[in-house]
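Next input, structure requested:
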Amino acid sequence: MITIPQSDDGSSPRIHLNQPFVYFGQSYSQIYVNHNGHLTFTGPWRSSTPQCFPMQGSRDIIAPFWTDIDNRLRGRILYKEHRSGHILQQATQDVNQYFPGLNFRAVSVFVATWHKVAYYPRTSTVTTFQAVLISGGRYSFVLMNYGEIDRTTHSIQVRVFKIYFIMLKSSNVNVPGRFAFRTDSGTSGPLYPINGRRSSRSDDGNSPRIHLSQPFVYFGHSYSQIYVNHNGHLTFTGPWRSFTPQRFPINGSRDVIAPFWTYIDNRERGQIIYKEHRGGHILQQATQDVNQYFPGLNFQAVSVFVATWYEVAYYPRTSTVTTFQAVLISGGRYSFVLMNYGAIDRTNLSIQVRVIKFYFIMLNFFENE
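Okay, here's the model as predicted:
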């Protein structure tokens, strides 16, 4: 394990990778570990202030915890590429658990750790996090692991190139404090197949009443109908045209699922598509996903309702392109909602992502370059 010299806004020297890391279509044989919580490939980078994409052209960046870090008086920043031993075994096991069906075998694992580092200028703060780059020839993955994260008023961003998210104590692989992403060019994203009935082209529109063959149980209420509203949300008791995110309670006890609640206009661009699946590979996929994310339930999906906002535009910018999806999975006693994100264009509109009393900001948020 190599330790980077202590400095403010510093970086490692160029690190040669014995196994090239494939990153969204680019193959890199070198990497830099930058003190302010990010990794870059083409050169060191000292930025301590998170930025929106696109930034400085096509720079590729992995940022487990991008903020203003100063390890001159506290903490160490370490890195190592592992080519054999138990680290490869652990990485192989983790990837096959989080991404079943690939029959993956790790051949290289690059680990960068920011261990008990401090925020600038508060040298008393203590924060630990890690980026793990796993290569297996055809496939590549990034794990982000979080230990103790101290409080700060600094801006923070966590991102993998086109992906950024918040809530470090959560997880997308059911392991608190860990996130896992596939980053090779072969990934097609997390979207379920897009097919079914198309909603009308209209501003602030909605689908007609959709009958659910299998009622969906939603926090104590059982619903046999649903509406897909154009502005990024689903409702049960009636259509709803609101394009401005609101706080709960809203209009009394209205139940709403909002994968991406904002001002959407599909009159000139995009389709809003929905379908209830009662058999076939979609149910198999949903069953596998739920048992992976919520182990121990022995879950069996009997109905999957998929609503997709495909390449829709924000109002009034018809040139924008955004894709996202809500997947409602029913299995009798249990019910689940998956929110999947494809390309998410930038906007200065208000956005909210929520499931009834819970709201959060984009755990897997893909953004166009």
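
give me the element Ala286 is part of.
Using DSSP states H and E, Ala286 sits within helix 281-293.

hey, where'd the helices end up in this structure?
Applying DSSP state H to the chain gives helices spanning 86-98, 281-293.

By mean pLDDT, show me the worst of those helices.
When the helices of the chain are compared on mean pLDDT, helix 281-293 scores lowest, with a mean of 88.

between that helix and helix 86-98, how many degrees?
Put simply, helix 281-293 runs at 140 degrees to helix 86-98, going by axes from the mean of the first three to the mean of the last three Cα atoms, to 10 degrees.

Can you lay out the helices of the chain as a markdown table showing mean neighbour count?
C-beta coordinates here come from the backbone N, C-alpha and C atoms, glycine included. Converted to a markdown table, the helices of the chain look like this (neighbours: other Cβ atoms under 10 Å):
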| stretch | mean neighbour count |
| --- | --- |
| helix 86-98 | 17 |
| helix 281-293 | 17 |
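
So for Arg182, which of those helices sits nearest?
For the helices of the chain, the distance to Arg182 is smallest for helix 86-98, at 8.6 Å, taking Cβ to Cβ.

For the stretch 201-350 of the chain, give me the ranges with low pLDDT.
The model of the stretch 201-350 of the chain has pLDDT under 70 over residues 246-253, 347-350.

one step back: now the helices of the chain as CSV including distance to Asp345?
Converted to CSV, the helices of the chain look like this (distance: least, Cβ to Cβ, whole Å):
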stretch, distance to Asp345
helix 86-98, 28
helix 281-293, 26
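
still on that earlier bit, dump the helix holding Ala286 to CSV, keeping only the CA atoms.
Output of helix 281-293 as CSV, limited to C-alpha atoms (Å, rounded to 0.1, in the frame of the first residue of the first chain):
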residue,chain,number,x,y,z
HIS,A,281,-39.2,-12.9,-18.4
ILE,A,282,-40.2,-9.5,-16.8
LEU,A,283,-41.6,-11.3,-13.8
GLN,A,284,-38.5,-13.4,-13.6
GLN,A,285,-36.3,-10.3,-13.7
ALA,A,286,-38.4,-8.6,-11.0
THR,A,287,-38.3,-11.7,-8.8
GLN,A,288,-34.5,-11.9,-9.1
ASP,A,289,-34.1,-8.2,-8.4
VAL,A,290,-36.3,-8.1,-5.3
ASN,A,291,-34.6,-11.2,-3.8
GLN,A,292,-31.2,-9.6,-4.5
TYR,A,293,-32.1,-6.3,-2.9
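
now for it, which elements pack on it?
strand 303-314, strand 322-331, strand 334-341 (3 or more Cβ pairs under 8 Å, 6 or more residues apart in numbering; DSSP states H and E).

Between those, which one is closest to Gly232.
Nearest of the helices and strands packed on helix 281-293 to Gly232, taken as Cβ to Cβ: strand 303-314 at 6.4 Å.

Pretty sure Ile149 sits against Phe129.
Yes - assessed by Cβ atoms under 8 Å, Ile149 is found in contact with Phe129 at 7.0 Å.

who has more neighbours, these two?
Legend: neighbour count by other Cβ atoms under 10 Å for Ile149 and Phe129, higher for Phe129 (22 against 16).

so the more buried one touches Trp114, yeah?
Yes - using Cβ under 8 Å, Phe129 is in contact with Trp114, at 5.4 Å.

what touches both of those two?
Listed as contacting both Phe129 and Trp114 by Cβ atoms under 8 Å, 6 or more residues apart in numbering are 37, 64-65.

With respect to Phe104, which of those residues is nearest?
Set against Phe104, the nearest of the shared contacts of Phe129 and Trp114 by Cβ to Cβ is Pro64 (21.5 Å).

That closest one against Gly37, yeah?
Yes - with contact defined as Cβ under 8 Å, Pro64 reaches Gly37; the gap is 6.2 Å.

Identify the contacts common to these two.
114, 129.

Which one's more surrounded, those two?
Between Pro64 and Gly37, counting by other Cβ under 10 Å, Gly37 is the more crowded of the two (27 against 24).

who's in contact with that one?
Counted by Cβ under 8 Å, 6+ apart, Gly37 has contacts 63-67, 69, 114, 129.

so what pLDDT did the closest residue to it other than its chain neighbours get?
In this structure, Gly37 finds its nearest non-sequential neighbour in Phe65, 4.1 Å apart by Cβ to Cβ, 6 or more residues apart in numbering. Listed pLDDT for Phe65 reads 89.

Pretty sure Phe65 sits against Gln130.
No - in this structure Phe65 lies outside contact range of Gln130 using Cβ under 8 Å: 9.3 Å.

who has more neighbours, the two?
Phe65 (23 against 19).

Report the separation between the more buried one and Phe110.
Look at Phe65 and Phe110: by Cβ to Cβ, to the nearest Å, they are 17 Å apart.

for Gln89, same thing?
Separation of Gln89 from Phe110 (Cβ to Cβ) stands at 16 Å.

Just give me the neighbour total for Asp68.
By the measure other Cβ under 10 Å, the count of residues near Asp68 is 22.

for Lys116, that is, sorry about that
Residues within reach of Lys116, counting by other Cβ under 10 Å, total 16.

ok, so what distance separates it from Asp60?
Distance from Lys116 to Asp60, by Cβ to Cβ: 28 Å.

pLDDT wise, what is the most far-flung residue of the chain relative to its centre at?
Outermost residue of the chain with respect to the C-alpha centroid, by Cα atoms, centre = their mean, is Leu73; its distance is 33.8 Å. At Leu73, the model reports a pLDDT of 87.

Just give the number of residues close to the residue lying closest to it once chain neighbours are set aside.
The shortest distance from Leu73 to any non-neighbouring residue, by Cβ to Cβ, 6+ apart, is to Thr123 (4.6 Å). Thr123: 14 surrounding residues under other Cβ under 10 Å.
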